[in-house]
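Trainee: Let me see the structure of the following:
(chains A, B and C)
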Amino acid sequence: MNGFPVLTTILLAPVAAALIMTFIPRNESKLIKCIAAVGTFVSMALSLYVYFSYDTALGGLQFAEKIPWIRDLGVNWFLAVDGISLPMLLLTNLIGFSAVFASWNVDNRPREFFILLCLLITGVMGTFVAHDLFIFLLFYEVVVIPIYILVIIWGSSKRVTKEYAGMKLTIYLLIGSAFLLVGVIAFFVKAAGVLGQPNMSFTALAEAGKQLSAFDQTWLFALMLFGFGSLVSMWPFHSWSPDGYAGAPTAVSMIHAGVLKKIGGYGLVKIALYMLPVGAKFWAPYMAVLGVAGVTYAAFAALAQKDLKYIVGYSSVSHMGYVMLAIGSFSVIGINGAVANMFAHGVMAALFFSTVGFIYEKTHTRWIPDLGGLARQVPRLAVAFMLAALASLGLPGLISFIPEFTIFVASFKVYGGLAVIGIAGIILTALYALRAGANTLFGPPREEYDHLEDIRGPEMVPLVVLGTVLVVGGILPSLLFDMVNSGAATLMTHVESAVKLGGVFK
Amino acid sequence: MLTLSVSLHHYLILAAVLFGIGLFGVLTKRNAVAVLICIELMLNAININLLAFNKYITPNDFIGQIFSIFVITVAAAEVGVGLAIVIAIYRNKLSVNLDEFDWLKW
Amino acid sequence: MIPDLSLIVPELAMAVLGLMVLIFGLIIPRGSRHGLGWFAALALLGVTGLVLAGWNNGGNLYGNLYVVDQFSQFFKITFLLAAFLVVLGSMRYVDRHLGGQSEYYSILIFATLGMMVMSSANDFMTMYLGLELMTISFIILVCFRRLEAKSLESGMKYVLLAGMSSAVLLYGLSLVYGITGTVVISEVGKILAMRAPLPLLMLGVVMLVAGLGFKISAVPFHMWSPDIYEGAPTPITAFLAVGSKAASFAILIRIFVVGMFGISLNWELLLAILAAVTIIVGNLVAIPQTNIKRLLAYSSIAQAGYILVGLVTASQDGVKGVLFYAFLYVFATVGAFTVASHFYNVTGSDEIKDYAGLAQRSPLMAAVMVVAMLSMAGIPPLAGFVGKFYLFMTIVENYLWLAFIGLIMSMVSVYYYLRVALVMYRNDPLDSTPIAVSAPVTVTLVVAMAVTLFLGIYPGPVAEVVNNAAHSFFMH
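Mentor: Model prediction:
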């Protein structure tokens, strides 16, 4: 398949689906859903193909496509994948495909819903396959607007209204991105000075970045840390996350918690750390501290919640704390753990949100005291729920065990006591995840839920797809780790050599 | 002995004073016609400026004079339009007092 | 010596066109004047073609008083396209609310001619004439609905404030003339480059900033614009927001970047502060607005602040940013105002709350409104993002604080833009009859949206053109 622009095809398949949908009468909801499913399936199938034909022994950038785009900014339509971005791309498509089926029962204005969903998926994918900072930015904020509209129309108002949730989500992310943008523009101008000509490709910017003075790298990294950190819901910039997820419709929660957040972590690794190594070295301990703070704070907060979506929301903040801790450890193992954990958490969070979504759809409540004994009435849903809960607490044999273990190894070496506090967070995770499972699924079955039908047909798709990945990833971790390691090792080699250089002091 | 001669500075000061009076009038007068007159005052101050500069700075060409003729012409057109609006508004409201123009928030 | 008139063919064509439309309006019976709008629109496209045909045909006329370079030609294309879109989008409005008068098109063409003269003027007199031709035409257009009190009142306000700001500007110009002894802008630049700035010159510069600040509605000289935008006929508001502002930027650039280049250290900070204040106030005051035209007015004030950012460094990159932003701003603004004007045609309301459920009544209008607003907010992949990238790129080295203010405030602006989106998309319509969109309006809307999207995703070609234009500007 040499020369075939496979990444562009992956990217444009959902857009094409969205375009076709605009011409379909709005009441043909079955047809619309099928088109959305086909569009996302094409992307998923192709990204699976890319994932398994990527040569991990060779490493580096593969499937590259490069077309000159804006000459005076040095921008190219440069798409490529490496060991770090490929798992993220696959994750996006797995979740995107599942999200279409998780929203199979959306009957209120389905055409708009699926158009926006497809655009959202495209935006997320774009950030992961872009190897050009400008193209990355183009996609980075694309996602914000569809999410806003999805939340305000199809969201739900419980503790906070959906309007509030949507606006909070949007404004938080945009303010973060404003800082990021300042950092990126300033960095780009400085890099153009170093290189002698403007160039936006990641590789060129990384070359330029390590030649910047330590001071410049430090403040530029701080801006990016704030921008990406607020997207990855780094404590204390996390408060949009539980509210936002609670207000959002199921598909949006899945995509948001599953992959969109990961753009923040991905950006920190692939852009901030890669391009500004000395700055990263300076901020690494702070990131670790904020990460641990996030882990424990969010875990305690999750313990206190009674709304299922808030529990999952806080749990995702807590898990992202591990990612921050891992990046803060500043080592190959740490980056491995961070990327793998993002993948694992993505699958798990998406599964979690889709089951919560189904429970809510069937029982019309997410309030744990009102639930109970669902395992008898909806056994398949209960299996999926438990699978997600067990993965969340890092049960060996499921996908998230090894990434978390890796993170602890990496961070314990560097931070000792701090890492221990982080590890202790896992106990809290076990506590709230199991308690939520027990109170929702087990105990005496309630009469009012006797009439519930178990999930079937298209509703099964997300559970099957995501559940399979959870189990397979746990049994065959090398599938994931070989890939991630090939990317992380290259990246850290660059970073460490640059740190030895120590930045140019002017 | 004190020699009284008019220099560039005198013209400039006169123009500045006139301009200041005009600007003050524009900002404080409440009658639309009076405001238009004050704008005329400002424009004439500029004409004095232009002519004085022409005489003292570039006595050999007529830039300032030509400029001031343009200013006069354009000012006439502007006042023409302005007065037409004043009349139209007077027909509507039977008043030219700016304080009464309150459909918009100002 | 006979001047080379081939350089000003587009201007001559515009003058002839304006008169022709006026005369046609008189000889064509009232009932069959519909074609006049189409005629004006197509003729404007034709003149755009003339400008494009003479793209490489630069030079100057009348002893360097009138310069035709790619910088001015780019602006002319911008004005002509804006006029084209406005005429196209306003035909129905003219028939319905303005009695189908032909003078409307004629005066609109003259206003465009004034802008074209402004962009090419290389001396204070020509510039002033162009400026006044544009302003007086606009005054007439603003109060074109002469039986409507609001329209007349805004016309009154416009004539008084425009007169005052012109006077302030002229006073500044007269001082600059007195100090340098010339009115040719490039000569002024040469003389000032060799001389230490006098206090009197600084007074002149401040006067120029104040006078032009009025024209571009920069804070604190912005108070007039929301009132006048609200009162004027909506298509005219669009043209006022786009054309008059862009043309004023053209002369602002020429005066400051060419004429005052030598003393740029003295005004850079002034412009930077002006830009910052404009961005902050424009965006913050837009938040509580309930009338769509006032909201757009304040947002266009903020937009002027962003364009000012490009002037702060007086560099080629900055001019490039201004040109690019002015171009994309045309399409976003005309798109948004055309939606507003068409909505007013159908419902007779400008209130945001009446936009409820527009997404169901007319998906195209709602989509154009959202795209236009988000482009102004600078959300990728829309043109505004690229434009802001170009603008802020020039100032991160020396004015990092301004970049922070600008980008954070642009995210704040998303807040009020999204409130409109919220009303249009979430709320159910009170009256769910679909809004029919006529063919010319559809064309305007689709063009505005397509260009905004295209420039955002693939700005390459336009960026090249703009680059050349900015380069040509620095050649002499």
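
Trainee: Show the contacting residues for the residue of the stretch 151-300 of chain A found nearest chain B.
Mentor: Closest residue of the stretch 151-300 of chain A to chain B, CB to the nearest CB: A:Met167 (27.2 Å). Every C-beta, even on glycine, is put in place using the N, C-alpha and C of the backbone. A:Met167 makes contacts with A:Tyr148, C:Tyr415, C:Leu418, as judged by CB atoms under 8 Å, 6 or more residues apart in numbering or on different chains.

Trainee: name the element the first one belongs to?
Mentor: In other words, A:Tyr148. Per DSSP states H and E, A:Tyr148 falls inside helix A:144-154.

Trainee: do that helix and chain C meet at all?
Mentor: Yes. Counting by CB under 8 Å from any CB of the partner chain, contacts between helix A:144-154 and chain C involve A:Val144, A:Ile145, A:Tyr148, A:Ile149, A:Ile152, A:Ile153.

Trainee: what's next to that helix, contact-wise?
Mentor: A:106, A:108-109, A:112-113, A:116-117, A:119-120, A:123, A:162-163, A:165-167, A:169-170, A:173-174, A:177, A:244, A:247-249, A:251-252, A:256, A:260, C:370, C:374, C:379, C:418, C:421-422, C:425-426.

Trainee: can you check stretch A:281-300 too?
Mentor: Contacts with stretch A:281-300, where a contact means CB under 8 Å, 6+ apart, come from A:214, A:217-218, A:221-222, A:225, A:229, A:233-236, A:238, A:314-315, A:317-318, A:320-330, A:411, A:414-415, A:418-419, A:421-422, A:424-425, A:428-429, A:432, A:499.

Trainee: Spell out which parts of the stretch 151-300 of chain A neighbour chain C.
Mentor: A:152-153, A:163, A:167, A:170-171, A:174-175, A:177-179, A:181-182, A:185-186, A:188-189.

Trainee: can you rerun that using 10 Å?
Mentor: A:151-155, A:162-163, A:166-167, A:170-190, A:192-193, A:198, A:219, A:223 (CB under 10 Å from any CB of the partner chain).

Trainee: Of these, which belong to helices?
Mentor: Members of these lying in helices (criterion: DSSP state H): A:151-154, A:162-163, A:166-167, A:170-190, A:192-193, A:219, A:223.

Trainee: Need the buried ones from the residues you listed selected in ChimeraX.
Mentor: Applying 16 or more other CB atoms under 10 Å in any protein chain shown to these leaves a buried subset, and the ChimeraX line that selects it is:
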select /A:151,152,153,154,162,163,166,167,170,171,172,173,174,175,176,177,178,179,180,181,182,183,184,185,186,187,188,189,190,192,223
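
Trainee: Check the residue of the stretch 151-300 of chain A closest to chain B and give its pLDDT.
Mentor: If you check A:Met167, the pLDDT there is 85.

Trainee: Same check on A:Gly3?
Mentor: Listed pLDDT for A:Gly3 reads 69.

Trainee: quick one on the thing from earlier: among the contacts of stretch A:281-300, name the ones in helices.
Mentor: A:214, A:217-218, A:221-222, A:225, A:229, A:314-315, A:317-318, A:320-329, A:411, A:414-415, A:418-419, A:421-422, A:424-425, A:428-429, A:432, A:499.

Trainee: Is stretch C:172-182 in proximity to chain B?
Mentor: Yes. Residues of stretch C:172-182 contacting chain B under CB under 10 Å from any CB: C:Gly172, C:Leu173, C:Ser174, C:Leu175, C:Val176, C:Tyr177, C:Gly178, C:Ile179, C:Thr180, C:Gly181, C:Thr182.

Trainee: filter these down to the ones near chain A?
Mentor: Answer for these near chain A: none qualify (CB under 10 Å from any CB).

Trainee: Helix or strand for A:Leu11, just tell me which one.
Mentor: Using DSSP H and E, the element containing A:Leu11 is helix A:6-22.

Trainee: before we move on, back to that, now the residues of stretch C:172-182 next to chain B in JSON lines, please, with extra columns for secondary structure and pLDDT.
Mentor: Formatted as JSON lines, these follow (DSSP: H, G, I helix; E, B strand; the rest coil; pLDDT from 0 to 100):
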{"residue": "C:Gly172", "secondary structure": "helix", "pLDDT": "92"}
{"residue": "C:Leu173", "secondary structure": "helix", "pLDDT": "91"}
{"residue": "C:Ser174", "secondary structure": "helix", "pLDDT": "91"}
{"residue": "C:Leu175", "secondary structure": "helix", "pLDDT": "91"}
{"residue": "C:Val176", "secondary structure": "helix", "pLDDT": "89"}
{"residue": "C:Tyr177", "secondary structure": "helix", "pLDDT": "90"}
{"residue": "C:Gly178", "secondary structure": "helix", "pLDDT": "88"}
{"residue": "C:Ile179", "secondary structure": "helix", "pLDDT": "88"}
{"residue": "C:Thr180", "secondary structure": "helix", "pLDDT": "86"}
{"residue": "C:Gly181", "secondary structure": "coil", "pLDDT": "85"}
{"residue": "C:Thr182", "secondary structure": "coil", "pLDDT": "86"}
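
Trainee: By neighbours, which of the residues you listed wins?
Mentor: Neighbour counts for these, by other CB atoms under 10 Å in any protein chain shown, peak at C:Ser174, which reaches 30 neighbours.

Trainee: So how do I select the buried members of the ones in helices among the contacts of stretch A:281-300 in ChimeraX?
Mentor: Remark: buried members of the ones in helices among the contacts of stretch A:281-300, expressed as a ChimeraX selection using 16+ other CB under 10 Å:
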select /A:214,217,218,221,222,225,229,314,315,317,318,320,321,322,323,324,325,326,327,328,329,411,414,415,418,419,422,425,428,429,432,499
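
Trainee: Tell me the one among the contacts of A:Met167 nearest to chain B.
Mentor: Nearest to chain B among those: C:Tyr415, at 22.3 Å, using CB to the nearest CB.

Trainee: How far away from the center of its chain is the longest helix seen in chain B?
Mentor: Using DSSP H to define each element, chain B has its longest helix at helix B:63-93. Distance of helix B:63-93 from the chain centroid (CA atoms, centre = their mean, to the nearest Å) equals 10 Å.

Trainee: Briefly note if that helix comes near chain C.
Mentor: Yes. Legend: contact between helix B:63-93 and chain C by CB under 10 Å from any CB is shown at B:63-64, B:66-71, B:73-75, B:77-86, B:88-93.

Trainee: Can you turn the buried subset of those into a selection I can paste into PyMOL?
Mentor: The buried subset of the residues of helix B:63-93 next to chain C, as determined by 16+ other CB under 10 Å, is captured in PyMOL by this line:
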select buried, chain B and resi 63+64+67+68+70+71+74+75+78+79+81+82+84+85+86+88+89
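
Trainee: The residues of helix B:63-93 next to chain C: which ones sit near chain A?
Mentor: The subset of the residues of helix B:63-93 next to chain C within reach of chain A, by CB under 10 Å from any CB, is empty.

Trainee: shouldn't B:Met42 be in contact with B:Gly22?
Mentor: Yes. Using CB atoms under 10 Å, B:Met42 and B:Gly22 qualify as a contacting pair, with a distance of 3.6 Å.

Trainee: Residues touching stretch B:6-13, excluding its own?
Mentor: Stretch B:6-13 has contacts (CB atoms under 10 Å, 6 or more residues apart in numbering or on different chains) with B:14, B:45, B:48-49, B:51-53, B:55-57, C:174-175, C:178, C:200.

Trainee: average pLDDT for it?
Mentor: Across stretch B:6-13, pLDDT averages out at 86.

Trainee: roughly how far apart are the spatially closest residue to A:Ala186 that is not a sequence neighbour and A:Phe188?
Mentor: Distance criterion CB to CB, 6 or more residues apart in numbering or on different chains; nearest residue to A:Ala186, sequence neighbours excluded, is C:Val396 at 4.2 Å. Going from C:Val396 to A:Phe188 by CB to CB, to the nearest Å gives 8 Å.

Trainee: likewise A:Ala257?
Mentor: 31 Å.

Trainee: still on that earlier bit, and the longest helix of chain B, what does it pack onto?
Mentor: Helix B:63-93 sits against helix B:32-56, helix C:124-142, helix C:149-180, with contacts defined as 3 or more CB pairs under 10 Å, 6 or more residues apart in numbering or on different chains; DSSP states H and E.

Trainee: Fine by me, thanks again.
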